[in-house]
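Visitor: Could you work out the structure for the sequence below:
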Amino acid sequence: MKRYSLIVALFLMGMISFAQDIDKAKMNKDLKVAQTVLNSLVNDNRSANWGNNNEEQAQYIEDYGVILTMPRNRAFGFTIAPEMPPMPDFSNAIARSFEVIEDIRIDIEDEELDEETRAEIEAERAERRAELAERQAELERRAEIAMERAQVKIMQMDSMRNEKIAENKEQVIEFLLDYGQLISQLKDSDKILVMEKGQDMRFYRNAQGVEAVKSNRLSIEAKVSDLRAFQKGKIDREEAKSRIAINQKAEVKPLAKDLTLLQTIMRRLYAKDLSDTYYLNSRMPYDQIEGLGVIFYMDMVSSIRSGSDFWNVPTQDREDLTQEERDELIKSLYPRFEEELIDNILEYGKNVNSLADDEQLIFKVGITKCTDCGIPETLELQVKGKTLKDLKSGKINQNQALNDLKVVKGALQ
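Guide: Numbering: from 1, shown residues only. Model prediction:
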């Protein structure tokens, strides 16, 4: 009971700290406006429909800043590595099969072939071989032409993508310098990061066939202090531009094995058949951001509608609940869900060694809908890599780790 009280106290402290520093409603509004401006700039002022809403595209992370997103410039690449072997000579195999069948027929019929007849057969076979060889050569020519055309097309698409990347860089820099101040509540120590979302598919013609490779991803980051210095005239535009960090890696670093394992464990713990509170409604996507760490996204649900007026709650084996009964049950499950989630993050997260000491393991959790239940819409949990390592090594205990874990709750629903 004491332990649970400590957790509740920590939650309240996290909420109070957030409320004092940030007006959440204004922050959400600022993020939507900023994302809309960015969308318009990188989309040439055309209506942008990227398949996501602004809430998914823009997010505020306490003690880091803001992450805004833009879509990948989807293009297809084609690389021949290594060179494919020559096309098999089908003509010889086909000709040989015809000849074997003819020889079998002659043997079955026990024919005695005179020299003139045998010469006619050999002439026919030579003519057939020549015709098949010509068709083989034509097939190879057509394949070569198709490959050349495909490569030219892909080179054109890559060129268009490179031009668009260069254009996007300028548009994002313009956005940061001229519109970064739209997000007014950020601290000078915060950052604004704009990054591409999604991946290109690049196809390789090789012994393994077709494979998809994670390709480069553009990200551009500015310090709020530099943007404000520019706005106040303390530095000129060129100096402000020079302080903006542009990163375009040749290949996106895959998620480390220990983080992949943590993702797998959490997905299993919060599967419908194992969780006894809320369960996952997604595959736990993530963002990996250099200098920040890893953000896992958990969309939690609790119930399934049964007919028009009733609900089933799978994790509790409860069926045909009224709306009122369903809401009361969901509300009662929240404290246990919150406590168990923190326990699981610390218990399994302490095995993560790939994060740097100052990088963070972040879980951004969407809470199941429950109108007028008094539970938060969202829950964000942050813990530094150093805390996890110290907990694993025994330098700190569970309660000390809890003190280092930051909790940010969204608005009550």
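Visitor: ok but residue 311 is inside a helix, no?
Guide: No. Counting by DSSP: H, G, I helix; E, B strand; the rest coil, residue 311 falls outside a helix, being strand.
Visitor: Tell me the bridge partners for it.
Guide: In this entry, residue 311 is beta-bridged to residue 305, residue 321, by DSSP bridges.
Visitor: Hmm, it is touching residue 303, no?
Guide: Yes. Judged on C-beta atoms under 8 Å, residue 311 makes contact with residue 303 at a distance of 4.6 Å. Any C-beta I mention is one placed from the backbone N, CA and C, and that applies to glycine too.
Visitor: Now list whatever residues contact both of those two.
Guide: The overlap between the contact sets of residue 311 and residue 303 (C-beta atoms under 8 Å, 6 or more residues apart in numbering) consists of 321, 326.
Visitor: Could you list the low-pLDDT ranges of the protein?
Guide: Within the chain, the ranges that satisfy pLDDT under 70 run 1-21, 44-56, 71-89, 107, 109-111, 151-161, 198-216, 249-252.
Visitor: hmm, 50 instead?
Guide: Counting by pLDDT under 50, the chain shows low-confidence ranges at 1-20, 46-55, 74-82, 199-215.
Visitor: And it, split by domain according to the record?
Guide: 19-78+166-248, 84-153, 257-409 (automatic domain parsing).
Visitor: so how far is the second one off the chain centroid?
Guide: This means domain 84-153. Between the centre of domain 84-153 and the centre of its chain there are 51 Å (C-alpha atoms, centre = their mean, to the nearest Å).
Visitor: What of stretch 303-319?
Guide: So, by C-alpha atoms, centre = their mean, the centroid of stretch 303-319 is 31 Å from its chain's centroid.
Visitor: residues of it that come out buried?
Guide: Buried residues in stretch 303-319, defined by neighbour count with 16 or more other C-beta atoms under 10 Å: 303, 310, 311, 312, 313, 315, 316.
Visitor: Skipping adjacent residues, who's closest to the second one in space?
Guide: If you skip the residues right next to it in sequence, residue 310 has residue 320 as its closest partner in space, 4.6 Å away by C-beta to C-beta, 6 or more residues apart in numbering.
Visitor: Show me the strands in the stretch 301-413 of the chain, by range?
Guide: With strands called from DSSP state E, counting those that start in this stretch, the stretch 301-413 of the chain shows them at 304-306, 310-313, 318-321, 360-366, 378-384, 406-409.
Visitor: Partner strands of the last one and their direction?
Guide: The one in question is strand 406-409. In the sheet, strand 406-409 lines up against strand 378-384 (antiparallel) (DSSP bridges).
Visitor: Show me what the partner strand is in contact with.
Guide: 61-63, 338, 341-342, 345-346, 349, 355, 357-367, 401, 404-410.
Visitor: Just the C-alpha atoms of that strand, please, in PDB.
Guide: The C-alpha trace of strand 378-384 is given here as PDB (Å, rounded to 0.1, in the frame of the first residue of the first chain):
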ATOM      1  CA  THR A 378      -3.000  10.200 -22.500                       C
ATOM      2  CA  LEU A 379      -0.100   9.100 -20.400                       C
ATOM      3  CA  GLU A 380       3.600   9.800 -21.100                       C
ATOM      4  CA  LEU A 381       6.400   8.000 -19.200                       C
ATOM      5  CA  GLN A 382      10.100   9.000 -19.500                       C
ATOM      6  CA  VAL A 383      13.100   7.300 -18.000                       C
ATOM      7  CA  LYS A 384      16.800   8.000 -18.800                       C
END
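Visitor: Done for today, thanks.
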